[in-house]
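K.L.:
I would like to see how this sequence folds:
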Amino acid sequence: RTKWIPFFTYFVALILFALRTVCDDLSYNIPEEMKRQYVTGNIAKDLRMDVKQLSARNARIDTEDSKRYCDVNLNTGDLIVAETIDREELCGSRMSCILSYELVLENPLEVHRIILQIQDINDNAPRFPNERINFEITESAVKGQKFRLDEAHDTDIGQNSINSYSLEKNKHFVLNVHDTADGGKYAELVLEKELDREQQKEIDMILTATDGGSPQRSGTYVDLSRDKGTLVVKERIDREELCKQMTPCSFSFDLIVENPIQLHRVTVEVQDINDNAPLFPKENVNLKIAENAILGARFPLDSAIDTDVGLNGIQSYKLHPADSFKLEVHSQTDGNKYIEMVLKRELDREERDEIQLILVANDGGSPQKSGTVKIHVTVLDANDNAPVCKHLSLINQCILQNYMFSLFSTCC
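P.N.:
Residues are numbered from 1 along each chain as shown. Now for the predicted structure:
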């Protein structure tokens, strides 16, 4: 029986050793729809580890999913967005939306679980199943009679989902709003004043569903003014929400005319205005450059993003001050710009060990909008100065074999 004790002890020790490699979880909150390179947190700081250890220990993020939404910058230790996250596409209407990854470190082996809590933003407006709701109501309908309306839907959750309904003011109907068992809301038309077909055959009203997000979004549409025959805008149109950066941006709907029945396809082209400023992925960038860096050395920088298009998009970059570095901007085939800082004056850490710069991105809109990022350059020391002796001690050494004397100087 005792022969099993060493084996059991060995087995338990092996299990405990394996468990030691699975370390603390790292949890981060990240809003959906953040662009690539957006910084979620700093893994090196959260692990209280020198950032150089990430490269030395071959840090990597492992996942079983086909798409990886985050990555680690081994130079800075930042946990960054690798792919834009759409919470609604990823988790639907679930209140909790979580992504889980493993951060693997080698020599010695460590595994940290990374948990991303995807936060909802108010990026969707309420939508009705149909753009038009038709009721046929007899003029004998009694006051107080109710007519349930189609419920609007909003793919956002929590306070970003539907908060209220409102009805365009009219003489005959008011609106009652009720809560559903699953936390939604629906509305009813309530007849407040009796109908008279001889006085008015048709009544047109606008029903609006509004969410509780910030900025608030609502579900109403472009409508037709029957009195003037003109199209009127019932809700502010956000071109970037509707079409992203695609050009041209348009939407279409069918216009139906009766007696005789005719169907017309109406297309509305949405023009861009300069309502967005250029935005850099980070507010601050830290660079470490050795003082013996050669003239012409290049240092790539993240470009800014502007969701506007054409002249309202990014047109130029400027670097301030421009005494040590100059800026070079290269246009790429996809229309984006690639920017680099180029060293144009030799660095000397003994004269200046830190350099503060500001990079500005300007669009071409009117009025012009701009975005900035602060660049902090730390000049690293290089062995470019010979030692200087503060004291010189002379040591006389007598070499007895040949009676020669030697002098040695040492730095003290």
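K.L.:
tell me where the model's unsure across this structure.
P.N.:
Along the chain, the parts satisfying pLDDT under 70 run over 1-23, 221-229, 334, 383-412.
K.L.:
could you list the domains of it?
P.N.:
Domain assignment for the chain by automatic domain parsing gives 4-119, 122-231, 237-271, 284-380.
K.L.:
look up how far Met34 lies from Leu279.
P.N.:
11 Å (C-beta to C-beta, to the nearest Å). Heads up, the C-betas are built off the backbone N, CA and C, glycines and all.
K.L.:
then Thr267?
P.N.:
Thr267 is 33 Å from Met34, where distance means C-beta to C-beta.
K.L.:
do the same with Lys288
P.N.:
The gap separating Lys288 from Met34 is 26 Å, by C-beta to C-beta.
K.L.:
neighbour-wise, which of those two wins?
P.N.:
Met34 (19 against 10; other C-beta atoms under 10 Å).
K.L.:
pretty sure the more buried one sits against Asp86.
P.N.:
No: judged on C-beta atoms under 8 Å, Met34 makes no contact with Asp86 at a distance of 10.8 Å.
K.L.:
can you give me the helices for the stretch 101-250 of the chain?
P.N.:
With DSSP state H, counting those that start in this stretch as the criterion, the stretch 101-250 of the chain has helices at 239-243.
K.L.:
strands along that one, start to end?
P.N.:
All strands of the stretch 101-250 of the chain, identified by DSSP state E, counting those that start in this stretch, fall at 110-119, 146-148, 162-167, 173-179, 185-191, 207-211, 223-225, 230-232, 249-257.
K.L.:
tell me which of those lies nearest to Phe299.
P.N.:
strand 110-119 (28.9 Å; C-beta to C-beta).
K.L.:
need the contact partners of the closest one.
P.N.:
Residues outside strand 110-119 that contact it (C-beta atoms under 8 Å, 6 or more residues apart in numbering) are 21-32, 40, 47, 61, 69-70, 79, 85, 87, 90-91, 96-105.
K.L.:
what subset of those is buried?
P.N.:
By neighbour count, with 16 or more other C-beta atoms under 10 Å, the contacts of strand 110-119 hold 26, 30, 32, 40, 47, 61, 69-70, 79, 85, 87, 91, 97, 99, 101, 103-105 as buried.
K.L.:
so which of the residues you listed sit within strands?
P.N.:
Among these, the members falling in strands (DSSP state E) are Leu26, Ile30, Thr40, Ile61, Cys70, Leu79, Leu99, Tyr101, Leu103, Val104, Leu105.
K.L.:
show me which of these is closest to Leu54.
P.N.:
Nearest to Leu54 among those is Leu105, at 7.8 Å by C-beta to C-beta.
K.L.:
give me the number of residues near the nearest residue to the closest one once chain neighbours are set aside?
P.N.:
Sequence neighbours aside, Arg57 is the residue nearest to Leu105 in space, at 4.5 Å (criterion: C-beta to C-beta, 6 or more residues apart in numbering). Arg57: 17 surrounding residues under other C-beta under 10 Å.
K.L.:
show me the contacts for Arg57.
P.N.:
So Arg57 contacts Leu105, Glu106, Asn107 (C-beta under 8 Å, 6+ apart).
K.L.:
let's see it at 10 Å
P.N.:
Going by C-beta atoms under 10 Å, 6 or more residues apart in numbering, Arg57 touches Met49, Leu74, Val104, Leu105, Glu106, Asn107, Pro108, Leu109, Glu110.
K.L.:
just the buried residues of the residues you listed.
P.N.:
Buried by 16+ other C-beta under 10 Å: Met49, Leu74, Val104, Leu105, Glu110, out of the contacts of Arg57.
K.L.:
helix or strand: which one has Lys288?
P.N.:
strand 284-290 (DSSP states H and E).
K.L.:
export that strand to CSV, keeping only CA atoms.
P.N.:
Backbone C-alpha positions of strand 284-290 (Å, rounded to 0.1, in the frame of the first residue of the first chain) are rendered in CSV as follows:
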residue,chain,number,x,y,z
ASN,A,284,-0.4,61.0,-26.0
VAL,A,285,2.4,59.1,-27.7
ASN,A,286,5.7,58.2,-26.0
LEU,A,287,8.8,57.5,-28.1
LYS,A,288,12.3,56.4,-26.9
ILE,A,289,15.1,57.4,-29.3
ALA,A,290,18.8,56.8,-28.8
